[in-house]
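Trainee: Below is the sequence, then the predicted model.
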Amino acid sequence: MVKCEIIDSQKKLEDLVKKLAKQRAFVFNTETTGLDPFTIKLLGISFCFKEGEAYYIDLKSQIRNPKSETNPKSKIQNLKSILENPKIEKYGHDLKYDFEVLHENGINLAGVTFDTMIAAYLLNPGARVYDLDRMVEVKLGEKITPLSALIGEGRKKISLAEVPAEKFAKYSAERAEATWRLAQILKLELEETNLIKVFKEIEMPLLPVLAKMEIDGVKIDANLLKKYSAGVEKDLAKISKKIFKLAKTRFNLDSPIQLRQILFEKLKIKSDGLRRGKTGISTEAGELFKLRTAHPIIDLILEYRELSKLKSTYLDALPKMVDPKTGRIHTSFNQAITATGRLSSSKPNLQNIPTRSDLGQMVRKAFAAPAGFKILAADYAHIELRIIASLANDKKMIAAFQAGKDIHRETASQVWGVPPGEVTPELRRAAKTINFGVTYGMGAKGLAESAGISFKEAKKFIARYFSVYKGIKNFIEETRQTAQDLGYVETLFGRRRYLPEIYSEIPAVRAEAERMAVNMSVQGTAADIMKIAMIAVAAGLPKISPRSKMILQVHDELVFEVPEDEIKKVAKFVKETMERVVKLKAPILVEVEAGNSWGEMVKIQN
DNA sequence: AGACTCACG
DNA sequence: ACGTACGTGAGTCTC
């Protein structure tokens, strides 16, 4: 049973603050009215720095700051100096959330050194879910009070604010105390697995950087998106009309089932060789594309699909996500989701904003800089290929990068033994495809399909590719072997991914795990490098340009909002920082662009 | 809730 | 001979 002291008076609060000031480290946990850190209210904060004991500050109670009784924020001002002191280590579970809640309440959290969610993620990035309740069960072998015990479930659910203070205090204190004990265990596990370095030097320093990016948010021109949406709506109506005329019937174009019925039953378009899903013949774009010449309706459907996707996912959805308080979009950068160490972005996902089509570029124009500012984007050029070349110590590919060559042209030239000047666009395209595909174990079928060449040609291409780049071939072999021997693979910095399927009896399942192994070491190393760069950029940027903001990360790209007259200075700093954080055998190159929006960028020469 | 589709790196 | 592209999040339909 956890001893819980409820802090409900000014005197008790002062005593707690004195105790906290003496600690080397403590767990804290904010309790709020909801899940969105930007709209919720702070109800209380629990603390723990000793097994079996915890405290809960009840902010709904009679705590009063004598200076200003009316401002609720003032209640926790006594805690400010403690929470902002980087020398006192803060532990917690999902601290990015607490960071943001405190920021909303005027406190800039510092000294964040142990997040149990991040620790558990590093120990097994494949798990995807790291909620405290489950971790306490697995690691401590105990059950803690679930939230549902307080607020009920389903229709009878009450709001957190309605829970009696004492019950709520116990609940919160129990979690803080469990987090404290969990942290001790996870720390040992991180040390045993050599993951402590990635934890201390990459993930924990990154956490406040991500929090800051989420807090700052991104400006979008919602009116522009709404204008486009109205235009696209008219286009869609026209296209639908044409499709219905050809089909001689109206149907729901958004329903793959109805579409399949029209195409393959009513119009009797031949479906030989098309991929099949669980419910029937696939109608995905890649498959329909193969039928383009069979019927004029196909092109119209593809056009409809593209426009309708962009309209619903971006043009209509993004304006709804603008925060009325800040006028900006505040995405979540999830630090404990992916199996490889990448970040993910959600609510909304700002890592999949269109870029390929013309309308995609239009969407990006809505990511516009505020007056007096420009958007600056810096991306690692061919980062994964440079990484695989370096990890593999492939002399030929490293040499090509060192010479600053057009890598895809060079690949085509090497593979087919023709001078670079004689490489046809078709050959270069195929080389580009395989250069991308090599990091995830592309086969001949995949290459043939995405490069638009025959299966036979693709097979030959791959064989010659690996006879040219022998180092890469060996690296792939060795990585598969490592995965077999250890049951996991590691990135250059020691981030791990376990691959239990590597021992499967089923060849296809085993092959999949082998591809994952190769991909993890490359994609994961790229993720490590980007994270290290983000930490370095965030640390240096305020000195170079205090008004500049890092607003987005898209795996190999960082996006900034920069005062117009500081573009050159910031471009130089960001490029050099990103290029210098890590030294590989192949050089790392960062390309920088700037413009009035994310959709109209021009390269910056250095 | 799951399937399908498709946007990104 | 076979069946293979890695990692994500979200909108929509269907049950």
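Mentor: Received it, and whenever you're ready, just let me know what you need.
Trainee: Quick one: neighbours of residue A:172, just the number.
Mentor: Look at residue A:172: counted by other C-beta atoms under 10 Å, it has 26 neighbours. Just so you know, the C-beta spots here come from the backbone N, C-alpha and C atoms, and that holds for glycine as well.
Trainee: same thing with residue A:259?
Mentor: Residue A:259 is surrounded by 21 other residues when neighbours are defined as other C-beta under 10 Å.
Trainee: Wasn't it part of a strand?
Mentor: No. Assigned with DSSP: H, G, I helix; E, B strand; the rest coil, residue A:259 falls outside any strand and is helix.
Trainee: residue contacts, the closest residue to it other than its chain neighbours?
Mentor: Take residue A:259 and drop its neighbours on the chain: the residue closest to it by C-beta to C-beta, 6 or more residues apart in numbering is residue A:283, 5.1 Å away. For residue A:283, the residues meeting the contact criterion (C-beta atoms under 8 Å, 6 or more residues apart in numbering) are A:256, A:259-260, A:263.
Trainee: Next one: residue A:283 relative to residue A:311, how far apart?
Mentor: In this view, residue A:283 and residue A:311 are 19 Å apart by C-beta to C-beta, to the nearest Å.
Trainee: Likewise for residue A:508?
Mentor: 38 Å.
Trainee: got any ranges where chain A has weak pLDDT?
Mentor: A:62-75, A:154-156 (pLDDT under 70).
Trainee: Spell out which residues of it are next to DNA strand B.
Mentor: For chain A, the residues found near DNA strand B under the criterion C-beta under 7 Å from any atom of the strand are A:256, A:260, A:277-280, A:282-286, A:305-306, A:309-310, A:313, A:351-357, A:360, A:523, A:554-557.
Trainee: Just the ones of those residues in helices?
Mentor: Secondary structure assignment by DSSP state H places A:256, A:260, A:285-286, A:305-306, A:309-310, A:360, A:523 of those in helices.
Trainee: who wins for neighbours among those?
Mentor: Busiest of those [other C-beta under 10 Å] is residue A:523, holding 25 neighbours.
Trainee: Quick check: closest non-adjacent residue to it.
Mentor: Closest residue in space to residue A:523, ignoring its immediate chain neighbours: residue A:340 at 4.5 Å, by C-beta to C-beta, 6+ apart.
Trainee: Let me see the ranges of the strands in the stretch 501-606 of chain A.
Mentor: Along the stretch 501-606 of chain A, the segments classed as strands by DSSP state E, counting those that start in this stretch run A:549-553, A:557-563, A:590-595, A:601-603.
Trainee: Can you add distance to residue A:168 and mean neighbour count and give those back as CSV?
Mentor: Below are these laid out as CSV (distance: least, C-beta to C-beta, whole Å; neighbours: other C-beta atoms under 10 Å):
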stretch, distance to residue A:168, mean neighbour count
strand A:549-553, 36, 22
strand A:557-563, 40, 22
strand A:590-595, 49, 20
strand A:601-603, 50, 12
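Trainee: how about the strands in the stretch 51-200 of chain A?
Mentor: Listed from the start of the chain, the stretch 51-200 of chain A has strands (DSSP E, counting those that start in this stretch) covering A:53-58, A:89-92, A:112-115.
Trainee: which of those strands is buried the deepest?
Mentor: Burial among the strands of the stretch 51-200 of chain A, expressed as mean neighbours by mean count of other C-beta atoms under 10 Å, is greatest for strand A:53-58, which shows a mean of 25.
Trainee: Quote the end-to-end distance of stretch A:342-356.
Mentor: Between the opening and closing residues of stretch A:342-356 we find a distance of 22 Å, counting by C-alpha to C-alpha, to the nearest Å.
Trainee: Report the buried residues of it.
Mentor: Applying a neighbour-count criterion of 16 or more other C-beta atoms under 10 Å, one finds A:342-343, A:345, A:348, A:350-351, A:353-354 buried in stretch A:342-356.
Trainee: check the ones in helices among the residues of chain A next to DNA strand B against DNA strand C, which are close?
Mentor: Of those, the ones that also sit near DNA strand C (C-beta under 7 Å from any atom of the strand) are residue A:523.
Trainee: Out of the ones in helices among the residues of chain A next to DNA strand B, which two sit at the greatest distance?
Mentor: Of all pairs drawn from those, the one with the longest distance (C-beta to C-beta) is A:260 and A:523, at 34.2 Å.
Trainee: re earlier: the buried residues of stretch A:342-356 into JSON lines, with extra columns for distance to residue A:470?
Mentor: Formatted as JSON lines, those follow (distance: C-beta to C-beta, whole Å):
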{"residue": "A:342", "distance to residue A:470": "29"}
{"residue": "A:343", "distance to residue A:470": "34"}
{"residue": "A:345", "distance to residue A:470": "38"}
{"residue": "A:348", "distance to residue A:470": "44"}
{"residue": "A:350", "distance to residue A:470": "40"}
{"residue": "A:351", "distance to residue A:470": "35"}
{"residue": "A:353", "distance to residue A:470": "39"}
{"residue": "A:354", "distance to residue A:470": "38"}
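Trainee: Keep only those of these that are in strands.
Mentor: Per DSSP state E, strands hold the following members of the buried residues of stretch A:342-356: residue A:345.
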